[in-house]
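Student: A structural model of the following input is requested.
(one chain, ligands or ions: 1)
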Amino acid sequence: MSATHSLGLPRLHLRRTDSTNHRAREMAVRGAPHGTLVTASEQSAGRGRQGRTWSTPPGQALLCSLVIRDPSRLLSLAAGIAVAEVVSPRARLKWPNDVLVDGRKVAGILVEGRPQERWAVLGIGLNVALRVEDLPPETRARAGSLGLGAEAVEPILERLLHHLERWTVADVDSVLDQVRRRDALLGERIRWLGGQGVADGVDRAGRLVVLSGGHRLLLEAGEVHFA
Ligand code: BTN
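Tutor: Predicted structure coming up:
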């Protein structure tokens, strides 16, 4: 790790663990400093959003979790921008924080934390080298991969930390501007549990704006799908 990074040190690398987010949370509770990084080659119980699991073949994905002290409200969106910048100019963001290339999800982001203690764990899984055929059937249909070799994982981590340095402290207007430029949902008809409408961007609190039946709705969290 370069000495100029505030993110990525100290670093704990594990060949195998249950979940890097779990490890980083334990470390955060014990007082680990801002920027502490946990990486793993393999997770036995990787966590996804909405209580799902996140499973990738050993050594083929970037699996990392960072302890972030005093996180911004838009941390997960900001992280999505950083990942997209590292991945491809074609990368798009699907609210709240999937990173898509050609409509396929190449990265997922899971932010967990204790707002009252002013820390969060930022977990990122990026499919660097895996073959989509090697994923569990339930994720195969919508997943994508950068299609690189396993040796690309470490250099991509280095670049990602660099981009995260910038975006985790960026002002709200800059984050929203970048989200809008890469917004996969903007103007698209979408549906979610309990409704449907046309996505109209993200507000200053990170909520998805949806136009539905003449109303402007704000979705706080959850999952949306292209209708
Ligand atoms: C999603 O469901 O889209 C979020 C997936 C987040 C997966 C990453 S992999 C590294 C970190 N450790 C975990 O257990 N989850 C996150």
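Student: spatially nearest residue to residue 82, not counting backbone neighbours?
Tutor: residue 163 (3.8 Å; CB to CB, 6 or more residues apart in numbering). Where you see a C-beta, it was placed from the backbone N, CA and C, and this is true even at glycine.
Student: can you tell me which strand in the protein is longest?
Tutor: The longest strand of the chain (DSSP state E) is strand 104-114.
Student: so which helix or strand of the protein has the lowest pLDDT on average?
Tutor: Of all helical and strand segments in the chain, the minimum by mean pLDDT, DSSP states H and E falls on helix 137-140, at a mean of 86.
Student: beyond that helix, next helix or strand please.
Tutor: In the C-terminal direction, the helix or strand that comes right after helix 137-140 (DSSP states H and E) is helix 153-167.
Student: how about that next one and the ligand, any contact?
Tutor: No: contact of helix 153-167 with the ligand is not found when judged by CB under 6 Å from any ligand atom; the minimum separation is 11.6 Å.
Student: pLDDT averaged over that helix - what is it?
Tutor: Averaged across helix 153-167, the pLDDT comes to 98.
Student: mind listing what's buried along that helix?
Tutor: Buried residues in helix 153-167, defined by neighbour count with 16 or more other CB atoms under 10 Å: 153, 156, 157, 160, 161, 162, 163, 164, 165, 167.
Student: pick out the most distant pair among these.
Tutor: Pairwise distances across those peak at 20.5 Å for 153 and 167 (criterion: CB to CB).
Student: the ligand contacts on this protein?
Tutor: For the chain, the residues in contact with the ligand under the definition CB under 6 Å from any ligand atom are 19-21, 43, 46-49, 52, 54, 63-65, 98, 108-110, 123-125.
Student: narrow those residues to those in helices?
Tutor: By the criterion of DSSP state H, membership of these in helices covers 20, 21.
Student: now do the longest strand of the chain: which elements does it pack against?
Tutor: Counting by 3 or more CB pairs under 8 Å, 6 or more residues apart in numbering; DSSP states H and E, the packing neighbours recorded for strand 104-114 are helix 20-29, helix 75-87, strand 98-101, strand 119-126.
Student: tell me what the closest residue to the ligand within the chain is bridged to.
Tutor: In the chain, the residue found nearest to the ligand is residue 108; the distance is 2.4 Å by CB to the nearest ligand atom. Partner residues in beta bridges with residue 108, using DSSP bridges, are residue 125.
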